[in-house]
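Chemist: got a sequence here, can you build the structure:
(2 chains)
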Amino acid sequence: MAAEMKFAKSHEWIRPEENGLATVGISSYAVEALTDLVFMQLPPVGKKVKAGESIGEIESVKAVSDLYAPVSGEIVEVNAALPNQLETLGTDPYGAGWIVRIKPDDPSEMDSLLDRAAYEAQIAS
Amino acid sequence: MTAASLAVWWDEAADGPTNMATDERLAEEADRRGGPAIRFYGWSSPTVSLGGFQPLAEATACSAIAGLPLVRRPSGGGAIIHGSDLTYAAAVPKSHPWGARPQAFYDALHAAMVEVLATWGLEARLHVPSASDPPADAFLCFSRRAPGDLVAARPGQAPTPSDPKIMGSAQRRLGTTVIQHGSLLLGRCLAVGPEARHDGLTELSCAAATLPREIASRWIDRLAGGLGVDITPHGRAFAVGHEQEIARAAERFRDDRWTGRR
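Modeler: Here you go, the predicted structure:
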């Protein structure tokens, strides 16, 4: 996990990029908990979301789960290849398994998210 | 362990969209209560509930279910033919031990049903995957096998990998709650074509097949016992007092855009 990466309690990670955008994915813990992924629905590019709103859904053999926006902003890019290679979420959740890129309305919103240590404490509890 | 009781409702039959909307309201209720809530319900006519992302084209291509009402669940899994089953929806907040570990929630409900059916002499068990399993993406839930599904040996026969599946469940994991839909197959549903009929408790010669309410009562007793909590039974239907809200929410489940989302 990169040091600057932040986490939502709902298991999404977000990493600010140098171009002002932020990349979003789901943690390895979440991928492991979901097990046997079979389908993913991504949001449309251009969608504006508030922090905590659904940005997509992911289905495993026995469950459908929402993916949530860690911060408010506009979806500017989606990993369109991901739904056809869901195994990438398991093999490289913090790299090639990224889900969307978002243009945050307020980058400081990331300050209120969990850092790596706090997130690991949450999943250990 | 949590002090919140297990809230239970016994509801009358309703159509698919109303049932799905009521289950969403049940999730809100579980969140409000801070504890698990279960409702048992029927269907106003035999109905097919599609899994959250099953392609609608698979339903229209299945001639055995032609003419039956169709509703898409928010939960995952395969299509279920409701008409000769015991249907439940259980919801639990993520702050609850079951909600924090949804697989434990799933396993607890199925393991308790194994114990219940054993009281009628039926040796059900949780399915363990094997190489001879049918395809995991079969259209009908009861044609699939997944870890933890309830299967049972035929009367007088030793367990085999091809034993019938008698109970399946699937979840929708929301922001603050987990809702689980499930179905215990009481017997073959004669409202569908032969290729979509699956053996249930009746075909396994289990006397409980005609006693769904008794099955459910024993089940919730065990669930509450396992959690160490009391049961809060409700003498009224869950929807009472929420009729308009549920009717509005049901419109989404009637909308072709929802049913045809994939």
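
Chemist: in the stretch 1-150 of chain B, where is pLDDT below threshold?
Modeler: B:1-3 (pLDDT under 70).

Chemist: so which residue of it comes closest to chain A?
Modeler: Evaluated by CB to the nearest CB, the stretch 1-150 of chain B has B:G52 as its residue closest to chain A, separated by 4.0 Å. Any C-beta I mention is one placed from the backbone N, CA and C, and that applies to glycine too.

Chemist: wait, that residue touches B:P74, no?
Modeler: Yes. Using CB atoms under 8 Å, B:G52 is in contact with B:P74, at 5.7 Å.

Chemist: any residues in contact with both of the two?
Modeler: A:64, B:172 (CB atoms under 8 Å, 6 or more residues apart in numbering or on different chains).

Chemist: what does chain B put close to chain A?
Modeler: B:51-53, B:74-77, B:102-103, B:106, B:136-137, B:146, B:148, B:169-175, B:262 (CB under 8 Å from any CB of the partner chain).

Chemist: can you give me the helices for the chain?
Modeler: All of this refers to chain A. A:28-34, A:87-91, A:116-124 (DSSP state H).

Chemist: the chain in question should be chain B.
Modeler: B:16-33, B:56-60, B:97-100, B:102-118, B:212-227, B:243-254, B:256-259.

Chemist: and the contacts of the third one?
Modeler: I take that to be helix B:97-100. With CB under 8 Å, 6+ apart as the criterion, helix B:97-100 contacts B:1-2, B:36, B:92-94, B:104-105, B:108, B:177-178.

Chemist: please name the bridge partners of the residue nearest the centre of chain A.
Modeler: Central residue of chain A (CA atoms, centre = their mean): A:G25, 2.6 Å from the mean position. Counting by DSSP bridges, A:G25 is bridged to A:W13.

Chemist: which bits of chain A sit near chain B?
Modeler: For chain A, the residues in contact with chain B (CB under 8 Å from any CB) are A:10, A:33, A:35-36, A:38-39, A:41, A:52, A:57, A:59-66, A:68.

Chemist: could you redo the last one with a cut-off of 7 Å?
Modeler: Within reach of chain B by CB under 7 Å from any CB of the partner chain, chain A has these residues: A:10, A:39, A:59-66, A:68.

Chemist: for the closest residue to the residue of the stretch 1-150 of chain B closest to chain A other than its chain neighbours, give me its contacts.
Modeler: Closest residue in space to B:G52, ignoring its immediate chain neighbours: A:V64 at 4.0 Å, by CB to CB, 6 or more residues apart in numbering or on different chains. Applying CB atoms under 7 Å, 6 or more residues apart in numbering or on different chains to A:V64 gives the contacts A:57, B:52-53, B:74-76, B:172.

Chemist: could you rerun that using 8 Å?
Modeler: Here A:V64 is in contact with A:57-58, B:51-53, B:74-76, B:170-173 (CB under 8 Å, 6+ apart).

Chemist: keep only those of those residues that are in strands.
Modeler: A:57-58, B:170-173 (DSSP state E).

Chemist: check what pLDDT the most far-flung residue of chain A relative to its centre gets.
Modeler: What lies farthest from the middle of chain A is A:S125; by CA atoms, centre = their mean that is 21.2 Å. Looking at A:S125, its pLDDT is 77.

Chemist: can you get me a residue count around the closest residue to B:P155 other than its chain neighbours?
Modeler: The shortest distance from B:P155 to any non-neighbouring residue, by CB to CB, 6+ apart, is to B:S205 (4.6 Å). The number of residues packed near B:S205 is 12, by other CB atoms under 10 Å in any protein chain shown.

Chemist: just checking, B:S205 touches B:Q157?
Modeler: No. At 11.2 Å, B:S205 does not count as touching B:Q157 under the criterion of CB under 8 Å.

Chemist: low-confidence bits of chain A, can you list those?
Modeler: Residues of chain A that meet the criterion pLDDT under 70 lie in A:1-3.

Chemist: quick one, strands of it?
Modeler: A:6-7, A:12-16, A:22-26, A:37-41, A:48-49, A:54-60, A:63-68, A:73-78, A:100-104.

Chemist: helices and strands around the second one, which ones?
Modeler: Packing contacts for strand A:12-16, counted by 3 or more CB pairs under 8 Å, 6 or more residues apart in numbering or on different chains; DSSP states H and E, involve strand A:6-7, strand A:22-26.

Chemist: now it: buried residues?
Modeler: By neighbour count with 16 or more other CB atoms under 10 Å in any protein chain shown, strand A:12-16 contains the buried residues A:12-16.

Chemist: next, count neighbours for residue 73.
Modeler: In the absence of a named chain, chain A is used. Residues near A:G73, counting by other CB under 10 Å, number 24.

Chemist: I was thinking of chain B, sorry if that wasn't clear
Modeler: Neighbours around B:R73, by other CB under 10 Å: 24.

Chemist: surely it and B:V48 touch.
Modeler: No. In this structure, B:R73 is not within contact of B:V48 by CB under 8 Å, at 10.3 Å.

Chemist: how about the contacts made by residue 21?
Modeler: All of this is about chain A. Applying CB under 8 Å, 6+ apart, we find A:L21 in contact with A:76-77, A:101-104.

Chemist: hmm, I had chain B in mind actually
Modeler: By CB under 8 Å, 6+ apart, the neighbours of B:A21 are B:246-250, B:252-253.

Chemist: what separation do you get for it and B:W258?
Modeler: As judged by CB to CB, to the nearest Å, B:A21 and B:W258 stand 11 Å apart.
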